[in-house]
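# Sequence first, then the predicted structure, then my questions.
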Amino acid sequence: MIEVFLEKLDEIIIYVVSISTTLLEFAGIAVLVSSAAVCFYRWLKRDREGIRLDLAQGIALALEFKMGGEVLRTVVVRDWRELGILGAIIVLRGILAFLIHWEIKNEKQDMEKNSI
């Protein structure tokens, strides 16, 4: 009786994690595409002030959503190989997020220097 309950609970968890991961991945894609489209439109209009900063912030936010999906996916990992692949993806996305945040900080400093 308890085994059946635990199996059903495990199926529910896998289902919820799968849907949540897909939603987080979709949110990351939506943020990235919308940020790129807005920045491209601004670039076409020659409104280039802060465009790099806005694009970098959009990319960073998209990466955060994508990393959230990967972290959530680790809940349902069943073997070490898959966990290693997910870990590598998380580390790579973390490094990318760090580099983008570093670029955002430098871009903000450059904008402050130019406005003074």
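Received, thanks.

# What mean pLDDT does the longest helix seen in the chain get?
Taking DSSP state H as the criterion, the chain has its longest helix at helix 2-44. On average, the pLDDT along helix 2-44 is 93.

# Name the next helix or strand following it along the chain.
helix 51-73 (DSSP states H and E).

# Could you list every helix and strand that that following helix packs against?
Counting contacts by 3 or more C-beta pairs under 8 Å, 6 or more residues apart in numbering; DSSP states H and E, helix 51-73 packs against helix 2-44, helix 80-115. (Glycine included, C-beta is placed from N, CA and C.)

# Turn those helices into JSON lines, including distance to L72 and mean neighbour count.
What follows is those, written out as JSON lines (distance: least, C-beta to C-beta, whole Å; neighbours: other C-beta atoms under 10 Å):
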{"stretch": "helix 2-44", "distance to L72": "5", "mean neighbour count": "13"}
{"stretch": "helix 80-115", "distance to L72": "10", "mean neighbour count": "13"}
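
# picking up where we left off before, by how many degrees do the longest helix of the chain and helix 80-115 diverge?
30 degrees (axes from the mean of the first three to the mean of the last three C-alpha atoms, to 10 degrees).

# could we number from 47 for the rest of this?
Noted, 47 is the first residue going forward, which turns the last one into helix 48-90.

# Which residue is the nearest non-sequential neighbour of I146?
Distances taken as C-beta to C-beta, 6 or more residues apart in numbering place A106 nearest to I146, at 4.6 Å, with adjacent residues excluded.
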